[in-house]
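K.L.:
Dropping the sequence and predicted coords here.
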Amino acid sequence: MKSYHFGNVIVLVILLVGVVSTSWAGTKSWDFAKDSGGLKTSHGKWAVKDGIFQVEGKDPAMHASYIEDETKTWDNYTVEARVRPAKAGNTRWAGIVFRAQPDLHEYYVYYLNTPNNTTEFWMHKKGKWDARQSFVKEGNKDTNNPAKGGIKIAQDKWHDMKVVCDGSKFKFYFDGKLQVEFEDKTYKTGGVGVWSWAGPASFDNLKVTGGAIGDGGAAVDPKKKLASAWGSLKTIY
């Protein structure tokens, strides 16, 4: 009987340690198998075809974002997606949206600049779809970030894009390699999405992971897990 108690104690102690040491994180993902999964579109022609989310059009800043009540608390997270700028239509700029606000005008965007083989980070603001501000300045001239790690940005090719948001600090990745880091305090929370400027593009496997994000439903509070595990431990005695 004592050995039975001891075994249960060991298991519960391991559980307690796991609850305390593991961050509370959830994941929400879009595979676009059937539809857009609740992403709200700004303008442009959007459609899901063969499991790929696509946009067509020649308008600036065409984007689709997930911006529901729950995204108002999404602060620190990692957002990633596969992005494919189209050669047909000569799409030069496509990327991912993060910390998107409910009005569809305010958000950050990290995108590919295919002609220059660079990546860019901008903040969109209220007003017009193309009302925006660059974060990389050289005097009064907007600049961008040369691709690092021997990476070549190409049209008609899938590229992996990722942004890690930690408070006001952001890390930007392209095809698995860190490209640049920036900081801004304008948008503290918000949703995620995909984006293209003046040309067709395709998107797949959009995913966001973070502490305030539930796995398709309500996330479990680690404090409740801890209380439950501690209660079970006391029951043994």
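P.N.:
Cool, the structure landed. Just so you know, these numbers come straight off a predicted model, no measurement behind them. Numbering: from 1, shown residues only.

K.L.:
For the rest of this, base every contact and every neighbour count on C-alpha atoms.
P.N.:
Noted.

K.L.:
Report the contact partners of the spatially most central residue of the chain.
P.N.:
Residue closest to the average C-alpha location in the chain (C-alpha atoms, centre = their mean): residue 79, at 1.9 Å. Counting by C-alpha atoms under 8 Å, 6 or more residues apart in numbering, residue 79 touches 98, 162, 163, 164, 192, 206, 207, 208, 209.

K.L.:
Which strand or helix spans the second one?
P.N.:
Counting by DSSP states H and E, the secondary-structure element that holds residue 162 is strand 159-166.

K.L.:
So which bits of that strand are buried?
P.N.:
159, 160, 161, 162, 163, 164, 165 (16 or more other C-alpha atoms under 10 Å).

K.L.:
Redo these as TSV? Include pLDDT and distance to residue 126.
P.N.:
As requested, the buried residues of strand 159-166 are exported to TSV (pLDDT from 0 to 100; distance: C-alpha to C-alpha, whole Å):
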residue	pLDDT	distance to residue 126
159	98	29
160	98	29
161	98	25
162	99	25
163	99	23
164	99	24
165	99	22
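
K.L.:
re the thing from before, from the contact counts, what lies against the strand holding residue 162?
P.N.:
strand 77-85, strand 93-100, strand 169-174 (3 or more C-alpha pairs under 8 Å, 6 or more residues apart in numbering; DSSP states H and E).

K.L.:
So this protein: which segments form each domain?
P.N.:
Structural domains assigned to the chain are 1-24+220-237, 25-216, following automatic domain parsing.

K.L.:
Could you identify which of those domains is most buried?
P.N.:
domain 25-216 (a mean of 19; mean count of other C-alpha atoms under 10 Å).

K.L.:
by how many degrees do the strand holding residue 162 and strand 77-85 diverge?
P.N.:
160 degrees (axes from the mean of the first three to the mean of the last three C-alpha atoms, to 10 degrees).

K.L.:
Quick check: neighbours of strand 159-166 in the sheet, parallel or antiparallel?
P.N.:
Strand 159-166 sits in its sheet next to strand 77-85 (antiparallel), strand 169-174 (antiparallel), going by DSSP bridges.

K.L.:
Now tabulate those strands in CSV and tack on distance to residue 122.
P.N.:
Shown next, in CSV, are these (distance: least, C-alpha to C-alpha, whole Å):
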stretch, distance to residue 122
strand 77-85, 16
strand 169-174, 12
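
K.L.:
Rebuild the ones you listed as CSV, extending it with distance to residue 49 and mean pLDDT.
P.N.:
As requested, the strands paired with strand 159-166 are exported to CSV (distance: least, C-alpha to C-alpha, whole Å; pLDDT from 0 to 100):
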stretch, distance to residue 49, mean pLDDT
strand 77-85, 14, 99
strand 169-174, 25, 97
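
K.L.:
re earlier: just the buried residues of strand 159-166 now: which is nearest residue 121?
P.N.:
Comparing those against residue 121 with C-alpha to C-alpha places residue 163 closest, at 10.4 Å.
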